[in-house]
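# below are the sequence and a predicted model; questions follow.
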Amino acid sequence: MAGSHSQRRRGTSDGSRAVAPLLIGVVPFGLVFGIVAAGSTIGPWLGGSTSVIMFAGAAQLATLQLIDAGVAGAVVIATALVINARHVMYSAALAPHFQEFPAIARFTLPYVLTDQAFAVSIVRYGDVTDPVYKQWYFTGAALTLWIVWQISTVVGIVLGAQVPASWSLDFAIPLVFLVLLVPAIKSRPELIAALIGGGIAVAAAGAPYGLGLMIGAVSGVAAGVIAQRVMR
Amino acid sequence: MTNAAIILTIGVGTYLLRLSFIGILGNRPMPDWAMVPLRFVAPAVLAALVAPAVLLREGSIDLSPVTNPRALAALIALLIAWKTKNVAAVIVAGMAVVWLLQALL
């Protein structure tokens, strides 16, 4: 195909450049995760391996937090997958574009699908039509995020080994979630989902098997759905 | 269940969630009954992660800056997150408030 090589190069560099400003948020998040992994009961390297195996920051933090709290394995898995359920939404939105890619890309690229890679790609896909460009735009964006996430995790693990517990660095975990929470509240039903989710999670904190988080999350989602119906 | 098995299961499950429409369900539009709840997963889950971590101390609600400096620090961090959306600024400010309260009170 004429020009497909240049489309590939241009796509990769455009995608990579599009996520550059978002790295300001990714790097400190990765550092915090690495520091948490360094202090985790499962050890820094198994904890840190989640950056490769899951590549999903919020779920990685929650997984280590729940394992450290002694929560049952099935509940840890269910909670992490609920946190990652939003990727189904991204997958549905990207699917019409990805259908034009070779099969190998359709099955490998979802591994590096993240909030940030989705956000920049779906915006760009509104302006371009060339499937080669689209494929490499996503690849450039997603791989840049992947590499930066792995490096931040390792640096965080190395730093974390030197940080004493009296520094309360575990408090950085809810702070990171807070930064993610604020932009997720775009309308009143989402605010209600957050208030109910948080409130019920506090009330259910003593629930057996560490189910408090799940109970809160499911209640919050239900409240959001109901609020949207009522307000429409 | 070993911790490695838990992590691997989540990894495979996360990949399948990401692959769902791209690789398996294909081009069909997502039905409303699935789309609407998914919109609320992020705010509900994130709030459920934050609220107990900052409001509870030893299992009960504690808003006192003396015994639980995290509640006040989180409130200040929330305001900064709302105004700036800057991850580093929120983490630095939140941690600074906790250290300050721990040192002063």
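Received it, and whenever you're ready, just let me know what you need. Numbering: from 1, shown residues only, chains lettered A, B, ... in the order given.
# got a pLDDT number for the single nearest residue of chain B relative to chain A?
For chain B and chain A, the shortest gap (CB to the nearest CB) falls at residue B:44, measuring 2.6 Å. Using the backbone N, CA and C atoms, a C-beta is placed for each residue, glycine as well. Confidence per residue is given as pLDDT, and for residue B:44 that number is 95.
# what of the one 3 residues further on?
Residue B:47 is assigned a pLDDT of 95 by the prediction.
# where along chain A do the helices fall?
Listed in chain order, the helices found in chain A under DSSP state H are A:4-19, A:23-39, A:44-53, A:57-68, A:73-83, A:86-98, A:103-108, A:115-125, A:131-160, A:172-184, A:188-203, A:212-231.
# repeat that for chain B.
For chain B, helices defined by DSSP H occupy the ranges B:3-19, B:32-39, B:41-55, B:69-84, B:87-104.
# most tightly packed of those helices?
Ranked by mean neighbour count, the helices of chain B are led by helix B:41-55 with a mean of 28 (mean count of other CB atoms under 10 Å in any protein chain shown).
# hang on, the earlier thing: got the contact list for the nearest residue in space to the residue of chain B closest to chain A that is not next to it in sequence?
Excluding its sequence neighbours, the residue lying closest to residue B:44 (CB to CB, 6 or more residues apart in numbering or on different chains) is residue A:220, at 2.6 Å. When contacts are counted by CB atoms under 8 Å, 6 or more residues apart in numbering or on different chains, residue A:220 touches A:193-198, A:200-201, B:40, B:43-45, B:47-48.
# at 10 Å instead, please
When contacts are counted by CB atoms under 10 Å, 6 or more residues apart in numbering or on different chains, residue A:220 touches A:190, A:192-201, B:40-48.
# and residue 60, how many neighbours does it have?
Picking chain A for this. Number of residues near residue A:60 (other CB atoms under 10 Å in any protein chain shown) recorded here: 29.
# right idea, wrong chain: chain B
Per other CB under 10 Å, the neighbour tally for residue B:60 reads 11.
# same check on the one 4 residues further on?
Counted with other CB under 10 Å, the neighbours of residue B:64 add up to 11.
# just confirm it contacts residue B:57, I think it does.
Yes - counting by CB atoms under 10 Å, residue B:64 does reach residue B:57; the two are 8.8 Å apart.
# shared neighbours, those two?
Both residue B:64 and residue B:57 are in contact with residue B:71, where contact means CB under 10 Å, 6+ apart.
# residue A:46 reaches residue B:7, doesn't it?
Yes - here residue A:46 reaches residue B:7: they are 7.1 Å apart, a contact under CB under 10 Å.
# low-confidence ranges in the chain?
Defaulting to chain A. For chain A, residues meeting the criterion pLDDT under 70 lie at A:1-2.
# actually it's chain B I care about, not the one you picked
Residues of chain B that meet the criterion pLDDT under 70 are absent altogether.
# quick check, central residue of it?
residue B:46 (3.4 Å; CA atoms, centre = their mean).
# find the nearest non-adjacent residue to it, please.
Across the structure, with CB to CB, 6+ apart as the measure, the residue nearest residue B:46 apart from its sequence neighbours is residue A:181 (3.9 Å).
# what's the burial count for that neighbour?
The burial metric for residue A:181, expressed as a neighbour count using other CB under 10 Å, is 28.
# show me what contacts it?
A:58, A:174, A:190, A:194, A:197-198, B:42-51, B:78, B:81-82.
# please apply the same query to residue A:219.
Counting by CB under 10 Å, 6+ apart, residue A:219 touches A:193, A:196, A:197, A:198, A:199, A:200, A:201, A:203, A:204, B:44, B:48.
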